[in-house]
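> Need coordinates for the below:
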Amino acid sequence: MSPFSLAVLIIAIALVFDYINGFHDAANSIATIVATRVLTPFQAVVWAAFFNFVAAFVFGTAVARTMGQGFVNLNHVTLWVIMAGLIGAILWDLITWWLGLPTSSSHALIGGYAGAAMAHLAWTHGGGHILEALIVGQWPLTVVFIFLAPLIGLISAYALMVVVYWLFRHSSPSKMDLYFRKLQLLSAAAFSLSHGANDAQKTMGIITGVLVAAGFQKTFDVHIWVILSAHAAIALGTLSGGWRIVRTMGGRLTRLRPRSGFCAETGAAGAVILATHLGLPVSTTHAIAGAIAGVGSIQRIKAVRWGIAANIVWAWVLTIPMAALFAWLAFSLLHLVFGV
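Modelled structure (predicted):
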């Protein structure tokens, strides 16, 4: 296969991953607004998909640069490494979607990318050299944000709920919900915008990495066609919806009302926008799950189903190593079949 054909194939796989990312993470953008019955499922996915795409014209490409250059030593990145990394991330996303677990597509991609690069070094230089595939880069902050993003979402959403209850302390719950049914349209739009901004950039980083590895460009510059195609793919994925995870996020974790849905979405959007500003590929899943737990626990701790929350956290912890393992196996298979 010629380098051009291989690059086209890998870019297509990257866009498929981006589509699955939107499909898998649709729950992040729409679960709360569906659970509170502010919008129907169809209206919600259209609303979320629109703002996923609009994010292309609002935010820069700092996360894309981090994704492409901040985790793996580019001297050990080939087109086959990128392909294996994408395969590993896609497999983990599909498995967790089937199980109804809201895991991070971002961390799956990071883990897959790292696992494939380490497998490449293991096959070419021996197992003792696998850590040379990684650079310190953004690993420390990314690992910290696995726990910090849900914590920021939880604290922000909890604080917003306190403010809302104080401001509307003389209003009945039905009157509060009348206001927040309208306001939740804005909060859902803000969260979908932040989701599109952070998550689509990860695919942009991978596609730009393909173009650099294939020799089609010498510098890591993200072109406009890469930006638009990545946002289009994630928007189409969101439009398809991932209903298994919607049920987990929107109903099984805790009971939501328009006021709590507004606070959860606003708190999570703030966490993701902060990370995007810092150029960090953060998990929108972690942020919204923490925010939902925050609004659920304000009345009483038992309002949150902590057993389900524990399963979600375990899936978060396992995402990077499991995606890395799948990518390692994928690269090994490609090595044995094609001699890459």
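> so how far is residue 183 from residue 189?
11 Å (C-beta to C-beta, to the nearest Å). To be clear about C-beta, it is placed using only N, CA and C from the backbone, and glycine gets the same treatment.
> What mean pLDDT does stretch 207-214 get?
Averaging pLDDT along stretch 207-214 yields 92.
> could I get that stretch in CSV with only the CA atoms?
The C-alpha trace of stretch 207-214 is given here as CSV (Å, rounded to 0.1, in the frame of the first residue of the first chain):
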residue,chain,number,x,y,z
ILE,A,207,-5.1,13.5,11.6
THR,A,208,-2.4,16.2,11.6
GLY,A,209,0.0,13.6,13.0
VAL,A,210,-0.8,11.4,10.1
LEU,A,211,0.0,14.2,7.6
VAL,A,212,3.3,14.9,9.4
ALA,A,213,4.3,11.2,9.6
ALA,A,214,3.4,10.6,5.9
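> which residues touch it?
With C-beta atoms under 8 Å, 6 or more residues apart in numbering as the test, stretch 207-214 has contacts from 3-4, 6-7, 10-11, 14-15, 64, 68, 74, 77-79, 82, 217-223, 226, 229-230.
> and the next element down the chain from the helix or strand bottoming out on mean pLDDT in the chain?
Scoring the helices and strands of the chain by mean pLDDT, DSSP states H and E places helix 243-247 at the bottom, with a mean of 53. Downstream of helix 243-247, the next assigned helix or strand under DSSP states H and E is helix 258-277.
> got the buried residues for that following helix?
258-276 (16 or more other C-beta atoms under 10 Å).
> Repeat that for stretch 56-70.
Buried-residue list, stretch 56-70, by 16+ other C-beta under 10 Å: 56, 59, 61-70.
> of all these, which comes closest to residue 170?
Closest approach to residue 170 among the buried residues of stretch 56-70 (C-beta to C-beta): residue 59, at 39.4 Å.
> give me the element residue 60 is part of.
Per DSSP H and E, residue 60 falls between elements, in no helix or strand.
> if we can go back for a sec, write the ChimeraX selection for whichever of the contacts of stretch 207-214 are buried.
This is the ChimeraX syntax for the buried subset of the contacts of stretch 207-214, where burial follows 16+ other C-beta under 10 Å:
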select :6,7,10,11,14,15,64,68,77,78,79,82,220,222,226,229,230
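> So which of the contacts of stretch 207-214 belong to helices?
3-4, 6-7, 10-11, 14-15, 64, 68, 79, 82, 226, 229-230 (DSSP state H).
> To what extent is residue 134 buried, counted in neighbours?
Number of residues near residue 134 (other C-beta atoms under 10 Å) recorded here: 17.
> again, but for residue 42
11.
> hey, where'd the strands end up in the stretch 51-200 of the chain?
Read by DSSP state E, counting those that start in this stretch, the stretch 51-200 of the chain holds no strands at all.
> Please, where are all the helices along it?
With DSSP state H, counting those that start in this stretch as the criterion, the stretch 51-200 of the chain has helices at 62-69, 79-99, 105-125, 139-167, 173-213.
> Can you list the buried residues in the fourth one?
Put plainly, it is helix 139-167. By 16+ other C-beta under 10 Å, the buried positions in helix 139-167 come out as 141-142, 145-146, 148-150, 152-154, 156-158, 160-161, 164.
> Please compute how far it lies from its chain's middle.
Once both centres are worked out by C-alpha atoms, centre = their mean, to the nearest Å, helix 139-167 turns out to sit 17 Å from its chain's centre.
> Count the neighbours of residue 5 for me.
As a burial measure, residue 5 scores 9 neighbours (other C-beta under 10 Å).
> low-confidence ranges in this structure?
Residue ranges of the chain with pLDDT under 70: 25-29, 31, 241-255, 299-309, 311.
> For the host helix or strand of residue 318, name the packing helices and strands.
Assigned by DSSP H and E, residue 318 falls within helix 306-338. Applying 3 or more C-beta pairs under 8 Å, 6 or more residues apart in numbering; DSSP states H and E, we find helix 306-338 packed against helix 79-99, helix 105-125, helix 284-296.
> For that helix, list every residue counted as buried.
For helix 306-338, the neighbour count (16+ other C-beta under 10 Å) marks 306, 308-309, 312-313, 315-316, 318-320, 322-332, 334-335 as buried.
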